[in-house]
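Asks: Sharing a sequence plus its predicted fold:
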Amino acid sequence: MTDAATAAAPEADPVLLDSVDLARDALLDVTSESTIGAFVGHTVEDATTVSLLFENKLDGYPGWLWTVTIARVDAEAPTVVESELMPGDSALLAPDWVPWSERLAEYRAQQEEAAREAAEADDDSDDDDDDDDVDEHGSHLHAGDLDGVDVDELDESNAEADDDETDDSDDDDADHEDSDDASEGSADDTEGDNSSNRAGRRGSRRGGGRGRRRSRGRRRS
């Protein structure tokens, strides 16, 4: 506070400051004695008016003070101007009144902002999902890949299939050769058996003839 402000501040009338009992009696007209606490100070309104402050004991009004304004003109006795419950420096106050139109406009603005932020969050989430899809499907591919298929893997698979077919073909050729050898051997054996049988039959016929000749020779003798 500056010196000019201090010089301009009015001094409290001592008679008014001594009117504590008058102020308390005035409060009893508006509230019960149990709600009135101790005298806690004063406020100088002007040269002829002072507000005396009392502690408030009402529930739900923390920091509020009972206030009794007393005035005195010239040499007359002090007079009570008004008695009321006023907020102190630490009082819990309701928010300032705001017209409904302003509150509605503020509410709509908040809703629009929330919707915009939600839309941006959804867009960011979609972009992240797209990036994840690209990473998942593209991490195993390179320049030689086509439509998500690894060409090298196809080459290896085709090579393995060709090797399997070659092995199967070789096995089939070997089986055919073994079968042909077995067939030739069987044919040779068959021919040998047939030759032996023919030779045996010729020998048998010849032997039989000689026997018959000997038999006829004995009859002649």
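Replies: Structure's in. What do you need?
Asks: use CA for all of it now, contacts and neighbours both
Replies: Will do.
Asks: I'd like the domain boundaries of the chain, if you could list them.
Replies: 3-87, 150-195 (automatic domain parsing).
Asks: averaging pLDDT over each of those domains, which comes out lowest?
Replies: Per-stretch mean pLDDT for those is lowest at domain 150-195 (a mean of 56).
Asks: In the protein, where's the longest strand?
Replies: strand 36-46 (DSSP state E).
Asks: where along this protein do the helices fall?
Replies: Ranges of helices within the chain are 3-8, 14-17, 20-27, 100-138, 151-220, based on DSSP state H.
Asks: State the number of residues packed around residue 55.
Replies: Residues near residue 55, counting by other C-alpha atoms under 10 Å, number 20.
Asks: oh sorry, the question was meant for residue 23
Replies: 27.
Asks: okay but it is in contact with residue 81, surely?
Replies: No - taking contacts as C-alpha atoms under 8 Å, residue 23 lies outside contact range of residue 81: 9.9 Å.
Asks: Can you work out which residues contact both of these two?
Replies: 68, 69, 70 (C-alpha atoms under 8 Å, 6 or more residues apart in numbering).
Asks: Please list only the buried members of those residues.
Replies: 68, 69, 70 (16 or more other C-alpha atoms under 10 Å).
Asks: Can you name the residues bridging to the residue nearest to the second one when sequence neighbours are not counted?
Replies: Nearest-residue entry for residue 69: residue 51, 4.1 Å, with adjacent residues in sequence omitted and distances by C-alpha to C-alpha, 6 or more residues apart in numbering. When bridges are assigned using DSSP bridges, the partners listed for residue 51 are residue 43, residue 69.
Asks: Contact partners for residue 51?
Replies: Contacts of residue 51 (C-alpha under 8 Å, 6+ apart): 42, 43, 44, 45, 67, 68, 69, 70.
Asks: which ones are touching the third one?
Replies: This points to residue 44. 10, 11, 12, 50, 51.
Asks: ok, 10 Å please
Replies: Applying C-alpha atoms under 10 Å, 6 or more residues apart in numbering to residue 44 gives the contacts 9, 10, 11, 12, 13, 16, 17, 50, 51, 52, 69.
Asks: Which among those residues count as buried?
Replies: Here, 16+ other C-alpha under 10 Å leaves 12, 13, 16, 17, 50, 51, 52, 69 buried among the contacts of residue 44.
Asks: now those in TSV, with distance to residue 110?
Replies: Below are those laid out as TSV (distance: C-alpha to C-alpha, whole Å):
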residue	distance to residue 110
12	51
13	54
16	53
17	52
50	47
51	44
52	45
69	45
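Asks: So which of the residues you listed is the closest to residue 123?
Replies: residue 51 (62.5 Å; C-alpha to C-alpha).
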